[in-house]
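>>> dropping a prediction and its sequence here:
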Amino acid sequence: MKEENQHVKMEEEMMNQLRSKATELLLREEWKDSIELYSHFISLSQNQLLNSTDQTQISKIKKPLCLALSNRAEALSRLKDFSEAIKDCDEALEIDSTHFKTIICKGKILLNLNRYSMALNCFKLAISDVQTNGNSEILNGYLEKCKKLEFQSRTGAFDLSDWIVNGFRDKSPELAEYLGSVKIGKSGYSGRGLFATKEIEAGTVLVVTKAVATGRGILPDSSEVSVESARLVMWKDFVDKVVEAITKCSKTRSLICTLASGECEEVLEVLDTSLFRPGTEEGLTVTEKIEMDKILDILDVNSLTEDAISAKVLGKNSDYYGVGLWVLASFINHSCNPNARRLHVGDHVIVHTSRDVKAGEEITFAYFDVLSPLKKRRELSKEWGFPCNCQRCKFEEELSCSDDLREIEVAFEFGSDMGAMIIKLEKGMRKAKMKGKEKGYLRASYWTAFLKVYKLEKLVKKWGRRIPTAEAIAESIAEAVGGDERVLKVVVQGLKKYAIGALEMEKVMKLGRGVYGKVLKKKAVRALLELSV
Ligand SMILES: C[S@@+](CC[C@H](N)C(=O)[O-])C[C@H]1O[C@@H](n2cnc3c(N)ncnc32)[C@H](O)[C@@H]1O
């Protein structure tokens, strides 16, 4: 009996030491080592529970076990192993359903997993216990955050106005993941694409999704060589982060596995879009290891650069460079007459319609600058590794055989009188009886010629009414290829010379919604326009 007591005492002593060492490691943020020790402690405690029948003894074991599970969950979540962390929280809450620390930990993990309403429930539960535990300010913070994210992800009502009106001084706003009226389907371009499931107005948010990883930095303001090597460093850093994300999270790995890698796109599976609904856990069960070569191919095909212009407008420098992988956005094909645009805010990308979209229409955005002539666009799409087969390219390819267009191309490339070139273009389009969108395609192609004229007062005066107004060209381009910041800017600059009437302002706002989406209220569009002029 004495020997047995001694053994129990020794075991108790050992477990106390194990627990305090694990806690010390947790406080030192040595997550992996702390998990290892907690795991040892947890399995010993679970064994004791199995072998114990004495109720006093059982409750004596349960209390530290509950805390150990909660602490291991915390460490696991710091390593982004959220699914294991949630399991620990649930086990701890089975022991004590009111365990404050675990409820908070679970709430935070659920937030990370984009399960906003479940996270909200946790924080509500925790705050009801605040009298005994304090910390109501932090809890209220979480509660408000959950409410906001839950609302965003349910309604798609995102609002960046305050951040912009404050001159981007605060850190970028927190955004929920969101999936609007879109679904993945077989594309006419290549492989799969994203489609509108109903009629959608310009400016409507379609998708908000967080990057698997990003690589960012400011490019050096010197030779091309150092710019290129800085880009390479960022790319390498980005690849490392993607690999780390794949290693840590099986859902991320499974999703990345489904992306195009530049081969046999036609046979790729059309995924169930609900996999991308915020908080969906189940669905894909790909466990295979992805070879490094395949990862690099996938990143080559699907990584997006943070569009320099919107990055600049959204508070970053012009020499800022950012690259990232956003899984759901990777299903969106390119078009030179896109109907959507993307805004990069923090680690999130917001995709919104840039013109009205019909039900069933494929959603596309520009992978490269589409305010350029066919020849340039062909080069750019070649760099991306595919020949673009959008409607606009097909239309302009057919036209490119015409002498008139060839002449315009030469004038555009080598000529100095852009006004004369524009007049030729406009006349040619009238002669060919081109329709609205077709005119918009060509105007978008030769936008830089229009820009050169509009920029110089004396040229505008010289050509007078023979050159269409900036507003008319902007509307025509917006209708054909969607909104663009540079076009909007010229319109605003032009209008600023006169007192802008309500009608003009309404037109500017409409163009603004195409460019920035409905995520901005009027006051923020105005602030941006002030900034950009
Ligand atoms: C980011 S993925 C887009 C989704 C892809 N279609 C899929 O099935 O996963 C980019 C690839 O889609 C194809 N693609 C995108 N836009 C295209 C276009 N306008 N014309 C032809 N192929 C296009 C190209 O093969 C490109 O490498």
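Yes, it's here. Residues are numbered from 1 along each chain as shown.

>>> for Asp90, what are its contacts?
Lys106 (C-beta atoms under 8 Å, 6 or more residues apart in numbering). Placement of C-beta: from N, CA and C, glycine included.

>>> what helix or strand is it on?
helix 82-95 (DSSP states H and E).

>>> buried set for that helix?
Of all the residues in helix 82-95, those buried under the rule 16 or more other C-beta atoms under 10 Å are Phe82, Ala85, Ile86, Asp88, Cys89, Glu91, Ala92, Leu93, Ile95.

>>> now, which of the residues you listed sits nearest the ligand?
Phe82 (26.2 Å; C-beta to the nearest ligand atom).

>>> could you check how far that closest one is from His352?
Distance from Phe82 to His352, counting by C-beta to C-beta, to the nearest Å: 29 Å.

>>> still on that earlier bit, check the buried residues of helix 82-95 against the ligand, which are close?
Among those, none lies close to the ligand by the criterion of C-beta under 6 Å from any ligand atom.

>>> residue contacts, the residue in the chain positioned nearest to the ligand?
The nearest approach of the chain to the ligand comes at Gly191, 2.4 Å away (C-beta to the nearest ligand atom). Residues in contact with Gly191 (C-beta under 8 Å, 6+ apart) are Ala260, Glu265, Glu266, Leu268.

>>> list just the nearest of those to Asn389.
Glu265 (12.5 Å; C-beta to C-beta).

>>> so which strand or helix has the closest residue to Tyr116 other than its chain neighbours?
Among residues not flanking Tyr116 along the chain, Glu150 sits closest, at 3.7 Å (C-beta to C-beta, 6 or more residues apart in numbering). According to DSSP H and E, Glu150 maps onto helix 136-155.

>>> immediately after that helix, which helix or strand?
The C-terminal neighbour of helix 136-155 among helices and strands, as given by DSSP H and E, is helix 161-165.

>>> what residues of that next one count as buried?
Across helix 161-165, burial judged by 16+ other C-beta under 10 Å covers Ser161, Trp163, Ile164.

>>> in contact with the last one, which residues are there?
Contacts for Ile164 were tallied using C-beta under 8 Å, 6+ apart; they are Leu314, Leu520, Ala524, Ala527, Leu528.

>>> any idea how far Ser229 is from the last one?
Okay, so that is Leu528. 33 Å.

>>> the two: who's more crowded?
Leu528 (24 against 12; other C-beta atoms under 10 Å).

>>> and Val267, how many residues sit next to it?
Val267 has 7 nearby residues by other C-beta under 10 Å.

>>> from here on, count from 301
Taking 301 as the first residue, the last one we looked at is Val567.

>>> so how far is Phe458 from the most centrally placed residue in the chain?
Closest to where the C-alpha atoms of the chain average out (C-alpha atoms, centre = their mean) is Val649, at 2.2 Å. For Val649, the distance to Phe458 equals 12 Å [C-beta to C-beta].

>>> who touches both of those two?
Counting by C-beta under 8 Å, 6+ apart, the residues touching both Val649 and Phe458 are Val508.

>>> give the contact list for Leu705.
So Leu705 contacts Leu699, Gly728 (C-beta under 8 Å, 6+ apart).

>>> show me what counts as buried in the helix or strand that contains it.
Element membership of Leu705, judged by DSSP H and E, is helix 703-714. Across helix 703-714, burial judged by 16+ other C-beta under 10 Å covers Leu705, Ile708, Glu709, Ala711, Phe712.

>>> residue boundaries of the strands in the chain?
Along the chain, the stretches classed as strands by DSSP state E are 478-479, 482-486, 492-496, 505-510, 513-518, 604-605, 620-625, 633-634, 640-645, 648-653, 662-665.

>>> export the ones you listed to a markdown table and append columns for mean pLDDT.
Formatted as a markdown table, these follow (pLDDT from 0 to 100):
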| stretch | mean pLDDT |
| --- | --- |
| strand 478-479 | 96 |
| strand 482-486 | 97 |
| strand 492-496 | 98 |
| strand 505-510 | 96 |
| strand 513-518 | 88 |
| strand 604-605 | 90 |
| strand 620-625 | 88 |
| strand 633-634 | 98 |
| strand 640-645 | 92 |
| strand 648-653 | 95 |
| strand 662-665 | 98 |
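
>>> what residues are bridge-paired with Ile650?
As for beta bridges, Ile650 partners with Val508, Leu643 under DSSP bridges.

>>> so it sits against Ala629, correct?
No - using C-beta atoms under 8 Å, Ile650 makes no contact with Ala629, being 9.7 Å away.

>>> shared neighbours of those two, anything?
Common contacts of Ile650 and Ala629 (C-beta under 8 Å, 6+ apart): Val507, Arg642.

>>> thinking again about what came up before, out of the buried residues of helix 703-714, which comes closest to Trp535?
Phe712 (33.2 Å).

>>> near the ligand, which residues of the stretch 551-700 of the chain?
Residues of the stretch 551-700 of the chain lying close to the ligand by C-beta under 6 Å from any ligand atom are 559-560, 562, 565, 568, 601-602, 630-631, 633-635, 685-686, 688-690.

>>> any weak-confidence spans in this structure?
301-302, 304, 430-434, 524, 581-587, 607-618, 797-800, 831-833 (pLDDT under 70).

>>> and it, split by domain according to the record?
As assigned by automatic domain parsing, the chain contains the domains 302-455, 474-665, 676-754.

>>> for these, give me CSV that also has distance to Ile773.
Listed next are the domains of the chain as CSV, based on distance: least, C-beta to C-beta, whole Å:
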stretch, distance to Ile773
domain 302-455, 35
domain 474-665, 16
domain 676-754, 5
